[in-house]
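Engineer: The amino acid sequence is not available; the structure is as follows:
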């Protein structure tokens, strides 16, 4: 009965988040404009804190847009991440590989504009799978230091066949060619991967499919208790976990907690 109550609360929270997100959704339809560089004389007067930290690129899930990251973006900036940008990919995109190529171009542009050689990426759901494909299959591990995924179907989800009219959804099925590619060896992958997965995620079937388990990848799995799929990119506890994961990605994290509860 306890688990049932947790799942009911998670569904109720997801429905409330969906209602709020529908209000914000129109604000994220247009692509984000890159920030204008400061004048040369002004750049020298800017505070140095945060300028040396890697930019963070946010990537939304299926049929979503950058508006889903309003709260996470705020949390990242509040903790010293000055360069935080979100990339929209079209819901008309029919192939995950195409979206991964778009992400590659965007990250190259971010690096050129900011002067950084690497970025960190946070992807929700399908966005995390797109970013992982870029890292493992397109050489993106040279550019992505840390990849954080939130409710991403790393092993495919059995919920996908129920919604498989769209080609992108079919690529999230456990037996898809994309999932098979991601199972292939990646012996030289340098990117640190941190996967947040929830025991109350209604779209990850089974819930453990959102764990990142690959023998060649530097990975860490963080179990979140008591929240659903839509809450992962907007919940304050998860945002705090993402900030902490990025801050400790350069350090030994053997003693870091692997589970936290928000139920």
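Structural biologist: Sure thing, it's come through. Just so it is clear, the structure is predicted and the values come from calculations on it, not from any experiment. Residues are numbered from 1 along each chain as shown.

Engineer: can you list the weak-confidence ranges in the stretch 151-263 of the chain?
Structural biologist: For the stretch 151-263 of the chain, the stretches with pLDDT under 70 are 250-263.

Engineer: which stretches of it form strands?
Structural biologist: 192-198, 218-225, 259-261 (DSSP state E, counting those that start in this stretch).

Engineer: Counting by contacts, list what the first one packs against.
Structural biologist: Which is strand 192-198. helix 126-137, strand 144-150, strand 218-225, helix 236-247 (3 or more C-beta pairs under 8 Å, 6 or more residues apart in numbering; DSSP states H and E). Every residue, glycine included, has its C-beta placed from N, CA and C.

Engineer: who does it pair up with?
Structural biologist: Strand 192-198 pairs in its sheet with strand 144-150 (parallel), strand 218-225 (parallel), by DSSP bridges.

Engineer: returning to that earlier point: check the strands of the stretch 151-263 of the chain for me and report the most buried one.
Structural biologist: Mean neighbours per residue, mean count of other C-beta atoms under 10 Å, is largest over those for strand 192-198, with a mean of 25.

Engineer: Identify the residues contacting the closest residue to residue 110 other than its chain neighbours.
Structural biologist: Closest residue in space to residue 110, ignoring its immediate chain neighbours: residue 55 at 5.4 Å, by C-beta to C-beta, 6 or more residues apart in numbering. Residue 55 makes contacts with 81, 83, 84, 85, 110, 111, 114, 116, 119, 120, as judged by C-beta atoms under 8 Å, 6 or more residues apart in numbering.

Engineer: mind checking how far residue 55 is from residue 101?
Structural biologist: For residue 55, the distance to residue 101 equals 19 Å [C-beta to C-beta, to the nearest Å].

Engineer: If anything else comes up later, I'll come back, but that's it for now.
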